[in-house]
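Enquirer: Provided below are the primary sequence and the corresponding predicted coordinates.
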Amino acid sequence: MVMKRSDFLKMCLAGLAGLLSLKGLKIFESMGHKSLKEARFYRSADTLLG
Amino acid sequence: MNKVECQLCPRHCLIEEGGRGDCRVRTNVGGKLFSLVYGDPCTVHVDPIEKKPFFHVVPGSQAFSIATAGCNLHCRYCQNWQISQVPPEETRNMQMPPEDVVRHAKNNGCRSIAYTYSDPVVFYEYTYDTCALAKDQGLLNVLVTAAYIEQKPLRELCKVSHAIKVDLKGMTNTFYQKMSGATLQPVLDAIVTIKKSGVWLEICNLVVPTWNDSDQDLLTLIRWVKNNCGKDTPLHFSRFSPMYQLNDLPPTPLATLNRAWEMAKAEGMSFPYLGNIPEHPADNTYCPYDGKLIIGRRGYEVTENHIKDGKCEYCNNVIPGIWS
């Protein structure tokens, strides 16, 4: 079946978004990085003013 | 959205989703910050502790030395730039969780674990967990760092550390900005915190021709260390060699280093040393009370040791350090 170009692009974008998601974290791990360790000293930028 | 602010070092990197901090080893995934190098050292070696240098910490012993990729400074003379100025994808990394580090250190007859080469600040969580485990099992934790770290994480790290050697690179903000892309005051604050914590402190200054080698530079540093850390703080002046982005400069002249050594002694510093100069008398430790040679060194090798139960064998005065 021939895929429309727009559908193909959407699929690529979805794949890229997947890499950035927590599911993507598992793919990242399989690329040679073991489980990432959560850092101790940080905060969400959502709590920052301005 | 989902940005995080890292609070480990004074850079306070604001990291977007999928991005990394300036150090290259901390990343934002789903609005949480993660270390990319926990348990993944790229350099593991057994070194004489004198190499770090620590001259007042279990002399003649071996330090199991580890480092990961990354660094939160970008010093133009970095001798470990191949690991400090690259992300972990560009280094060959081992899997060595904290318990394995401790086990290997013991199996190799090491008295201490050294967190070194790049900077333990950037592999903080790995450093901290390994330190805690090692301390419980009777090993010493010795850190080699530029001390570009925020106060809260530093205070926590001091609780599980035994000795810290800080590279105090210069005494002006301009120097820190131009040489290392950092700032001076957080380093000075960190040194004071380390001193107050009771962790053993040694300080090293790399003397770079035309950058920080004037009499004024050296005197300012010596006096600051004496006034803020005490005259008994070991102070190492180290010889620069052309390196990385500073290949056009000559090595530090011996006369400059001799001058630094003499100035430190004249200012009343008890334990000034010179580094990277073969077979110089400033390699040795002299008792500040009777002037006798109490620890002899040739390179990284300890040739004689006249400290017994933490005291000069000759006059019986206490010599500060960690001797066992």
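Expert: The structure has been received and is ready for your questions.
Enquirer: Tell me how many other residues crowd B:Y148.
Expert: By other CB atoms under 10 Å in any protein chain shown, the residues close to B:Y148 number 28. (C-beta placed from N, C-alpha, C; glycine too.)
Enquirer: what do you get for B:G268?
Expert: Quick note: B:G268 (other CB under 10 Å) scores 11 neighbours.
Enquirer: I'd assumed it was in a strand, is it?
Expert: No - counting by DSSP: H, G, I helix; E, B strand; the rest coil, B:G268 is located in no strand; its state is coil.
Enquirer: For chain A, see how far away it is.
Expert: Using CB to the nearest CB, to the nearest Å, B:G268 is found at 38 Å from chain A.
Enquirer: Can you pull the phi/psi pair for that residue?
Expert: Dihedral pair for B:G268: phi 100, psi 10, per degrees, to the nearest 10.
Enquirer: Local confidence estimate at it?
Expert: Reported pLDDT at B:G268 in the predicted model: 98.
Enquirer: For the nearest residue to it once chain neighbours are set aside, the count of nearby residues, please.
Expert: Excluding the flanking residues, the one nearest B:G268 by CB to CB, 6 or more residues apart in numbering or on different chains is B:K231, at 5.1 Å. Using other CB under 10 Å, B:K231 is surrounded by 16 other residues.
Enquirer: so B:K231 touches B:P272, yeah?
Expert: No - counting by CB atoms under 8 Å, B:K231 does not reach B:P272; the two are 10.1 Å apart.
Enquirer: what element comes up after the helix or strand harbouring B:N205 heading to the C-terminus?
Expert: Element membership for B:N205, per DSSP states H and E: strand B:200-207. Downstream of strand B:200-207, the first helix or strand assigned by DSSP H and E is helix B:215-229.
Enquirer: the inter-axis angle of the next helix or strand after that following helix versus helix B:215-229?
Expert: Using DSSP H and E, the helix or strand that directly follows helix B:215-229 along the chain is strand B:235-239. Between the axes of strand B:235-239 and helix B:215-229, defined by axes from the mean of the first three to the mean of the last three CA atoms, to 10 degrees, the angle is 150 degrees.
Enquirer: can you give me the angle strand B:235-239 makes with strand B:200-207?
Expert: Orientation of strand B:235-239 against strand B:200-207 (the same axes, to 10 degrees) gives an angle of 30 degrees.
Enquirer: Mind giving me the packing neighbours of strand B:235-239?
Expert: Using 3 or more CB pairs under 8 Å, 6 or more residues apart in numbering or on different chains; DSSP states H and E as the contact test, the elements touching strand B:235-239 are strand B:200-207, helix B:215-229, helix B:254-266, strand B:272-275.
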